[in-house]
Every structure is written in structure tokens, then in C-alpha cells.
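A.B. asks: here is my input, please return the structure:
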Amino acid sequence: MKLSQFKYKLPQEKIAEYPAPHRDDCRMLVLHRKTGEIEHREFKDFLEYFDEEDVFVFNDTKVFPARLYGNKEKTGARIEVFLLRELNRDLRLWDVLVDPARKIRIGNKLYFGEDNSIVAEVIDNTTSRGRTLRFLYDGDHDEFRQQLYALGEAPIPHEIIKRPSEPEDLERFQCIFAKHEGAVTAPTAGLHFSKNMMKRMEIKGIESAFITLHCGLGNFTQTDVEDLTKHKMYSEQMFVRKECCEMVNTAKEKGHKICAVGTTVQRALEASVSTEGRIKEFEGWTSKFIFPPYEFSVADAMFSNFHMPESTLLMLTAAFGGYEHVMNAYEVALKEGYRFGTFGDVMLIVD
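C.D. replies: Just a heads-up that it's a prediction; the model follows:
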């Protein structure tokens, strides 16, 4: 397929700047992928589509406050530093993005905090905006991380949400079951699940399994090739553990439904599935890119937010729900006033 086939007009006012007052208080468009039928429901109604012993698979990655602001030595220019991942714990080396990049060269020092308590030196250029920083800090590692994160803010995607970050975003931009730190953006479909809804699932006998995929900036990077077979995904670290494999494989064998909560879960499941259709333990990195046509091996249902035009997240959703059905559903959602983006409403795709 071509990139242009995933283009649609999305007015800025349709993008949610803030989440609903309560996590589970949002609208839900239900798409039946076999027929293309659409229902307009509330998120809290999703239990009606699932039965006892069905399994929901969640991504339990934890977002850290990755966006920092520092000052360049001598000039004092304000520089945004976006932490991507720690490269070396002992040497305090981090892979980051900087903005404006043209001002930041190897050898420059950056100062963070009102008292300049944390200093970093640029030691390498990795991409046009990418740099490797070495933080100059004498304390132990946990103390360093604590101080570094205290200076950071929630990495809400400013490419989508145009307002400044707020202190409350650190909680808004985190799933309630987040456990393993390493993501720079949230698995957004999971943001809708509240403690109350998780309890209602448990009462109904629906099981919860967890994978970990540390969502990177690739979720918001613009695809720049028309021929999708030439697009390269950013690699993301993922973990599929024994407990999850046993739960999912047993449910599949018994004929119960598997529901993937979000595109990151879909990628993790498909990256860890064997030729027999069973998922197996996995620890490593994945750059799996899913777009139509694609035959899914694990999930029978899927939750997904309404994604940006030409995004890889929309492409995966269309691969699962059917290209024509999903693009039609997006058109309907726009007409019906659904909220799009990170803090927007949700789509449930079922058979």
C-alpha cells in the first residue's frame, strides 16, 4: 500500500488537548471487522463484547519524564533535551534529541536546574537532532536518576497536543498498571482503563496479561516514503514473559478471545508468535512494521485510539480492522464528533 492512502483531513479542534475527567469516561466506536458495521457506545460498555476466560493483553511499560530544558554554556540559549534511553549506566551516557539542534555541537556543555546542579557534555552526533550526552555527576546512580527526572516533564507529544505540559500530565500520561520504566510515550489505548473497570473485568472472569514494549518516538515520527515496503521502524525494546505466554496460549487453545489493548501490544504479540500460532517468551528489540494486508495470528479484538493521518499506528489498525472499514470508521468518527489523538476517545474492533 501507499502512504497517501492513509491521508485524511484532521482539523486541530478534533484533537483532544486534555483527557476526560475520568479515565473510563469516554466514547467508544465499535467496529465489526467482518461486516464493517459501526456502533456508537460508551467505553464502560466494552464488557458486553467479552466473556469469562477471555484474555486482555496490556502493555505495562512506564513513561518517565523525558523532556528537559537546559541552558547552553556561555550563550545561555534555552535548549530542549528529550531523553530517549540510557546507553551506559556507569558513564551516565544518554541518547537524546536536542532542539534547536543547529546550536548544539560536540564539546558543548548544557546546564540543568535553577542552580545548574546537573551538567552534561555533548560527546557525539547521532542524527540531525540526535546527540549523545555524558552527564557529569558524582553521586550514585539512583540519586542521579532521581534528580534528573525531577527536572523533567511529561513527554506529551507536542506535535499533536499544542498546549504546554502541565504537572498533572505526569499522571494523565501514565497507565494505572504501568510498572517497567523505559517509555517516552504512553501506550494510549491503555490510558482509558481505570481501577474500577479493571475490577469489573476481574468480576466477570476476564483475565489480564501483560507484555512490556517501551514505546519510543517512532510512534510520532512522520513516515516519509510513499512505498510503505521501504519504511523502516525505530527499534523498541520489548519483553514477553512466561506468564503472559501461558495465559494467552491456554486461552487460544480453549477457544477464548484475545484482546490486544493498543497497537504496541499487537506488535509485541506478532513479533513473538511462532509458526504454530503460539506466542513464546521474548526479550530483545523489535522493529516490526505492520500495514495492510497482514494476517494476524493472535488477537481476536483490539482497542485503539483514533490516530493521526499517515501514522504507522493507523496503518496497523487498518491492517487489523480492514483498510476500507477502518478508514470509513474514521470518517464517521469525525462527523460524529469523536475526540482524536493521545487523550481522545477509543475504538474497539471486534469480529
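A.B. asks: residue contacts, residue 341?
C.D. replies: By C-beta atoms under 8 Å, 6 or more residues apart in numbering, the residues touching residue 341 are 15-16, 160-161, 305-308. Using the backbone N, CA and C atoms, a C-beta is placed for each residue, glycine as well.
A.B. asks: could you measure from it over to residue 250?
C.D. replies: Residue 341 sits 36 Å away from residue 250, going by C-beta to C-beta, to the nearest Å.
A.B. asks: so which of the contacts of residue 341 are in strands?
C.D. replies: Using DSSP state E, the subset of the contacts of residue 341 located in strands is residue 305.
A.B. asks: what about dumping the CA coordinates of stretch 1-10 to CSV?
C.D. replies: What follows is stretch 1-10, C-alpha atoms only, in CSV (Å, rounded to 0.1, in the frame of the first residue of the first chain):
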residue,chain,number,x,y,z
MET,A,1,0.0,0.0,0.0
LYS,A,2,0.9,3.7,-0.4
LEU,A,3,1.4,6.3,2.3
SER,A,4,-1.1,8.6,0.6
GLN,A,5,-3.9,6.0,1.2
PHE,A,6,-3.7,6.8,4.9
LYS,A,7,-4.2,10.5,4.5
TYR,A,8,-7.3,12.2,5.8
LYS,A,9,-8.2,15.7,6.9
LEU,A,10,-8.0,16.1,10.7
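A.B. asks: contacting residues around that stretch?
C.D. replies: 223, 225-228, 231, 291-292, 308-311, 314-315, 318, 323, 327, 330-331, 334, 340.
A.B. asks: which residues in this structure form helices?
C.D. replies: For the chain, the helices defined by DSSP state H occupy 141-150, 169-172, 195-204, 242-253, 263-271, 312-321, 323-335.
A.B. asks: so which of the ones you listed gets nearest residue 24?
C.D. replies: Closest to residue 24 of these, according to C-beta to C-beta: helix 195-204, at 4.9 Å.
A.B. asks: need the pLDDT of the residue of the chain most remote from its centre.
C.D. replies: Within the chain, the residue lying farthest from the chain centre (C-alpha atoms, centre = their mean) is residue 74, at 37.3 Å. Note for residue 74: predicted pLDDT of 85.
A.B. asks: contacting residues for the residue nearest the centre of the chain?
C.D. replies: The centroid of the chain falls nearest to residue 187 when counting by C-alpha atoms, centre = their mean (3.4 Å). When contacts are counted by C-beta under 8 Å, 6+ apart, residue 187 touches 58-59, 61, 175, 213, 215, 261-262, 264-265.
A.B. asks: now do it against residue 129, distance only.
C.D. replies: Here the criterion is C-beta to C-beta. By it, residue 187 lies 24 Å from residue 129.
A.B. asks: please apply the same query to residue 36.
C.D. replies: With C-beta to C-beta as the criterion, residue 36 and residue 129 are 41 Å apart.
A.B. asks: again, but for residue 25
C.D. replies: From residue 25 to residue 129 the distance is 37 Å (C-beta to C-beta).
A.B. asks: where does residue 20 fall, phi/psi-wise?
C.D. replies: With angles defined as degrees, to the nearest 10, residue 20 sits at phi -60, psi 160.
A.B. asks: now do residue 288
C.D. replies: Dihedral pair for residue 288: phi -60, psi 130, per degrees, to the nearest 10.
A.B. asks: OK, contacts around it?
C.D. replies: Counting by C-beta under 8 Å, 6+ apart, residue 288 touches 233, 267, 270-271.
A.B. asks: low-confidence regions, the stretch 101-250 of the chain specifically.
C.D. replies: Along the stretch 101-250 of the chain, the parts satisfying pLDDT under 70 run over 219-220.
A.B. asks: that one: strands as residue ranges?
C.D. replies: All strands of the stretch 101-250 of the chain, identified by DSSP state E, counting those that start in this stretch, fall at 109-112, 118-125, 130-136, 180-183, 207-213, 236-240.
A.B. asks: let's have the ones you listed in CSV, adding distance to residue 42.
C.D. replies: Formatted as CSV, the strands of the stretch 101-250 of the chain follow (distance: least, C-beta to C-beta, whole Å):
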stretch, distance to residue 42
strand 109-112, 43
strand 118-125, 45
strand 130-136, 42
strand 180-183, 28
strand 207-213, 21
strand 236-240, 32
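A.B. asks: among the ones you listed, which comes closest to residue 101?
C.D. replies: Of the strands of the stretch 101-250 of the chain, nearest to residue 101 by C-beta to C-beta is strand 130-136, at 7.8 Å.
A.B. asks: many thanks, I have nothing further to ask.
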